[in-house]
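Q: Compute the structure for the input listed below.
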Amino acid sequence: MLKPLSDRVVIEVAKEEEKTVGGIVLASAAQEKPQTGNVIAVGEGRVLDNGTKVPADVKVGDTVMFEKYSGTEVKYEGNDYLIVSGKDIIAIVE
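A: Below is the predicted model:
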């Protein structure tokens, strides 16, 4: 599995519906980019200027909401993931 460094987080992005309420199938270019997903792996945390390590605010298994166009999309072992910085995660969905 991928092991993120520093304050990075690996997220499996939730799949969005491909149909509208009226049943119209949307082309992939017309779909909104999803903003939620499940945390798959978490880095050890960021290091402050004074050397203190601050652990991540999320843990593996959390469902999170992240900024719309943040992170780097990667494909690993046939699955699509998003690697984001901890500061790009805006909420934990409970």
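
Q: low-scoring pLDDT stretches of the protein, where are they?
A: Low-confidence segments of the chain, defined by pLDDT under 70: 16-34.

Q: center of it, which residue is that?
A: Nearest to the mean C-alpha position of the chain, by Cα atoms, centre = their mean, lies Ile11 at 3.6 Å.

Q: State the helix or strand in which that residue lies.
A: Ile11 belongs to strand 8-13 when assigned by DSSP states H and E.

Q: Could you list the paired strands of that strand along with their orientation?
A: Next to strand 8-13 in the sheet, as set by DSSP bridges, lie strand 36-42 (antiparallel), strand 79-85 (antiparallel).

Q: Now do the strands in the protein.
A: All strands of the chain, identified by DSSP state E, fall at 8-13, 36-42, 46-47, 53-54, 63-66, 72-76, 79-85, 89-93.

Q: before we move on, back to that, relative to strand 72-76, how tilted is the strand holding Ile11?
A: Per axes from the mean of the first three to the mean of the last three Cα atoms, to 10 degrees, the angle that strand 8-13 makes with strand 72-76 is 70 degrees.

Q: And for strand 8-13, what's in contact with it?
A: Strand 8-13 has contacts (Cβ atoms under 8 Å, 6 or more residues apart in numbering) with 2, 4, 34, 36-43, 56, 58, 64, 66, 71, 79-86, 89. To be clear about C-beta, it is placed using only N, CA and C from the backbone, and glycine gets the same treatment.
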